[in-house]
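**Q** Here is the input, now give the coordinates:
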Amino acid sequence: MTYTRNNLPSSYQPYEKLTICSNSLIGGGHLVELAGALPLIIGYGEKPQVWLQAFSNPEKMEFVSVVENSVSKFPAVEVKEIEGSIIITIQGKQVLKVRNVSNREAVVENMDLRPIGLNLYGDANNMNMPNGSFSGNSMSGGGVLLGFGG
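**A** Next comes the predicted model:
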């Protein structure tokens, strides 16, 4: 199942503030949307709740779910909980580290989505993409920080 803004996981609850590689989403929202699909969804819970989808067919913009509600769907994908953080690795390479700051706020401290076919990566200081980098930006009221395709 491909998740979209109109078709979110039933247990998803947005954080009041989600900081992704120094960029803040306030009052809900998502990092990236590709032709309507949300490959990464991060929601509130006792520990961060993550849904991650990888390209199964990039030409047709088709995705396969690799993590649902912070649970791996494939042996090559490992999800660990360490001291309030969720760390996701694919074939031993870390793709995401999300840490709860409070009961309504989380921080993505490290992200490298290249192993799932998305050229987005960053750390606590900035987020990089093919045509530049983002740091210290804020967006409020939902929506999507980065949108690609129609």
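**Q** my guess is residue 144 meets residue 33, correct?
**A** Yes. In terms of CB atoms under 8 Å, residue 144 counts as a neighbour of residue 33; the distance is 4.3 Å. Where C-beta positions appear, they are placed from N, C-alpha and C, glycine not excepted.
**Q** These two: which is more packed in?
**A** Counted by other CB atoms under 10 Å, residue 144 and residue 33 do not tie: residue 33 has more neighbours, with 19 against 16.
**Q** Who are the contact partners of that one?
**A** 5, 144, 146-148 (CB atoms under 8 Å, 6 or more residues apart in numbering).
**Q** now residue 47
**A** Listed by CB under 8 Å, 6+ apart, the contact set of residue 47 reads 70, 81, 84-86, 100.
**Q** ok, now how distant is it from residue 118?
**A** As judged by CB to CB, to the nearest Å, residue 47 and residue 118 stand 23 Å apart.
**Q** Also residue 34?
**A** 8 Å.
**Q** ok, the two, which is more surrounded?
**A** Set side by side, residue 34 and residue 118 show more neighbours around residue 118, with 23 against 20, by other CB under 10 Å.
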